[in-house]
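Q: Sequence plus the predicted model coming up.
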Amino acid sequence: MSSPTFVRPGAARREYYRYESIQLLTYVGGYYKFQSNSSLDTYGCLYTKEFNSFEPYLNELVCDDNSGGSRQFLIDYFIETRGIYILVVTTQSPNIRGHFSISATGLGFVVMDSITPVECNFVFLSLFYLINSIEYILATVNGELTSQSRKFIRPGGSSRNYYYNPIEFRTYTTSSYTITSRSSLNTYGCVYNDSFNSSHPLTNLIVCDDDSAGDLQFLIRCGFQSNRKYILVVTTSTTDSTGSYSIVVTGAASVNMTSITFFSLFQ
């Protein structure tokens, strides 16, 4: 599967570079070194809190090209305990593909999880075909986050105090779909491929969004494949927030959505 592309920081021209994004977490604060190992001429950037490929300078901490020698990047940076950091691995030249590995050295163990979008990158091609077609409201799901809802550490979150509700959905035509929230809450939405595990919120993650719809509502426009299972996780931007919401899905073909009910008494 092709990696997504962006215009990386420091690029001389508006050319597109393939990238992989890796979320970093450590429980011991201190200076850490992150170094690439590849036959590619790699380029690395470190971000705090979150990475937005459409705004590659937002939250940027540092970038490096060749400090590791042999055309490899080496980033030496102070990492705070339980801080959220994203390492973006790309290349010095545009549109280059190949394998790489990342080594992390420092005072403690570093958890590294890939958070690269895996299926949203073809949505932009699909949009050209949707411009002259009609997008229908395909499904509307109403729900509520209460003090009895389950909690988890959402992607980009700071604690285990975000209430959430998961919604399973399937599409019957490979196409672009738009998922939007409507609520008085400051909503936050994430889409997962195939399954969702609240204990590992980065596993199977495709994309998250906070405020793209305006008025503190999320909007996810993504390409989804037919007869595949996806999970939409509805949560909030701030911790311990409760209230009702509606989820509206628009597109050119039918969607089946089902709220997932928990029968266990334990979180």
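A: Arrived safely, thanks for sending.

Q: CA only for contacts and neighbour counts going forward, please
A: OK.

Q: Report how many residues lie close to S147.
A: By other CA atoms under 10 Å, 12 other residues sit near S147.

Q: Next one: it relative to M112, how far apart?
A: The gap separating S147 from M112 is 31 Å, by CA to CA, to the nearest Å.

Q: what do you get for T26?
A: 9 Å.

Q: before we move on, what about S212?
A: With CA to CA as the criterion, S212 and M112 are 27 Å apart.

Q: When the two are compared, which one has more neighbours?
A: M112 (17 against 14).

Q: Not counting residues beside it along the chain, what's closest to that one?
A: L24 (4.9 Å; CA to CA, 6 or more residues apart in numbering).

Q: Tell me who's in contact with that neighbour.
A: Residues near L24 by CA atoms under 8 Å, 6 or more residues apart in numbering: I84, Y85, I86, L87, V110, V111, M112, D113.

Q: Is it in a helix, a strand, or coil?
A: strand (DSSP: H, G, I helix; E, B strand; the rest coil).

Q: Tell me which residues touch S39, please.
A: Counting by CA under 8 Å, 6+ apart, S39 touches G98, H99, F100.

Q: how close does it get to I75?
A: From S39 to I75 the distance is 18 Å (CA to CA).

Q: again, but for T140
A: 46 Å.

Q: more crowded one of the two?
A: Shown here are T140 and I75; by other CA under 10 Å, I75 has more neighbours (22 against 14).

Q: and the more buried one, what are its bridge partners?
A: For I75, the beta-bridge partners under DSSP bridges are F34.

Q: Tell me the spacing between it and K33.
A: Distance of I75 to K33, given as CA to CA: 6 Å.

Q: Neighbours of the closest residue in space to G106 that isn't next to it in sequence, how many?
A: The shortest distance from G106 to any non-neighbouring residue, by CA to CA, 6+ apart, is to Y32 (4.4 Å). Y32: 19 surrounding residues under other CA under 10 Å.

Q: now do R82
A: Residues lying near R82 (other CA under 10 Å) number 14.

Q: so is it in a helix, a strand, or just coil?
A: Taking three-state DSSP, the label given to R82 is coil.

Q: For it, give me the pLDDT.
A: pLDDT for R82: 83.

Q: cool, and the one 3 residues further on?
A: For Y85, the pLDDT comes out at 92.

Q: ok, it to L107 distance?
A: For Y85, the distance to L107 - CA to CA - is 16 Å.

Q: Tell me which residues touch L219, please.
A: By CA under 8 Å, 6+ apart, L219 lies in contact with T178, I179, T180, S181, G189, D209, D210, D211, S212, A213.

Q: and with 10 Å instead?
A: Under the criterion of CA atoms under 10 Å, 6 or more residues apart in numbering, the neighbours of L219 are 178-182, 187-190, 208-213, 247-249.

Q: Are any of those residues buried, and if so which?
A: Taking 16 or more other CA atoms under 10 Å as the criterion, what is buried in the contacts of L219 is 178-182, 187-190, 208-211, 247-249.

Q: and the residues you listed, which of them are in helices?
A: Applying DSSP state H to these, no entry is found in helices.

Q: Closest one of those residues to D65?
A: In terms of CA to CA, no member of the buried ones among the contacts of L219 lies closer to D65 than C208, at 28.4 Å.

Q: Which strand residues bridge the closest one?
A: C190.

Q: ok, back up a step: for the contacts of S39, which single residue is the most surrounded?
A: Neighbour counts for the contacts of S39 (other CA under 10 Å) peak at F100, which has 13 neighbours.

Q: domain assignment for the chain?
A: Domain assignment for the chain, taken from automatic domain parsing, gives 5-114, 120-259.

Q: weakest of those by average pLDDT?
A: Lowest mean pLDDT within the domains of the chain: domain 120-259, a mean of 82.

Q: Relative to the whole chain's centre, how far out is it?
A: Centroid displacement of domain 120-259 relative to its chain, using CA atoms, centre = their mean, to the nearest Å, is 12 Å.

Q: and what of stretch 35-43?
A: Mean-position distance between stretch 35-43 and its chain equals 23 Å (CA atoms, centre = their mean).
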